[in-house]
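# predicted model, plus sequence, below.
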Amino acid sequence: VLAEMPTFTLVFTPDGTFEPARLVVPAGRFKLVLVNQSREAVEFESLPLRTEKVLGPGVTSFVVLSLSTPGEYPFFDDFHPQVKGTLVVVPKP
């Protein structure tokens, strides 16, 4: 059930960066809320996570990910490839 799932937020800022640029999450299933605060469309994309999501200006959406293997998973804005971040998956406590 989504309501019981851990939820984390990633923001595309108006100045063209991800906040936070390194997001630490526990291994398992979780919801990643994507908030586009910029005035341009952005596309959250991660090749190792095999996921992508386009958001228009001012749009909030989410993806549900299930990651059992700890490690670092890079992501980027496909419309602005210089804008990058990392999802850091740590073992469950």
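Ah, there it is.

# contacts, neighbours, all on C-alpha from now
Will do.

# state which strand of the chain is the longest.
Selection of the longest strand in the chain by residue count, based on DSSP state E, yields strand 80-90.

# okay, now the sheet partners of it, with direction.
Pairing partners of strand 80-90, with direction, according to DSSP bridges: strand 22-26 (parallel), strand 71-77 (antiparallel).

# can I get the CA coordinates of the first one in PDB?
Put plainly, it is strand 22-26. Taking only C-alpha atoms (Å, rounded to 0.1, in the frame of the first residue of the first chain), the coordinates of strand 22-26 have been written out as PDB:
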ATOM      1  CA  ARG A  22      22.600  12.800  -3.000                       C
ATOM      2  CA  LEU A  23      19.500  11.100  -1.700                       C
ATOM      3  CA  VAL A  24      20.000   8.300   0.800                       C
ATOM      4  CA  VAL A  25      17.200   5.700   1.000                       C
ATOM      5  CA  PRO A  26      17.000   2.300   2.700                       C
END
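
# so where's this structure shaky on pLDDT?
Regions of the chain meeting the criterion pLDDT under 70 cover residues 1-3.

# what about Glu52, how many residues close to it?
Applying other C-alpha atoms under 10 Å, we find 15 other residues in the vicinity of Glu52.

# most tightly surrounded among the strands paired with strand 80-90?
Sort the strands paired with strand 80-90 by mean neighbour count, taking mean count of other C-alpha atoms under 10 Å, and strand 71-77 sits at the top with a mean of 19.

# what about the strands in the protein?
Using DSSP E, the strands assigned to the chain run over residues 7-12, 18-19, 22-26, 28-36, 42-46, 51-55, 60-67, 71-77, 80-90.
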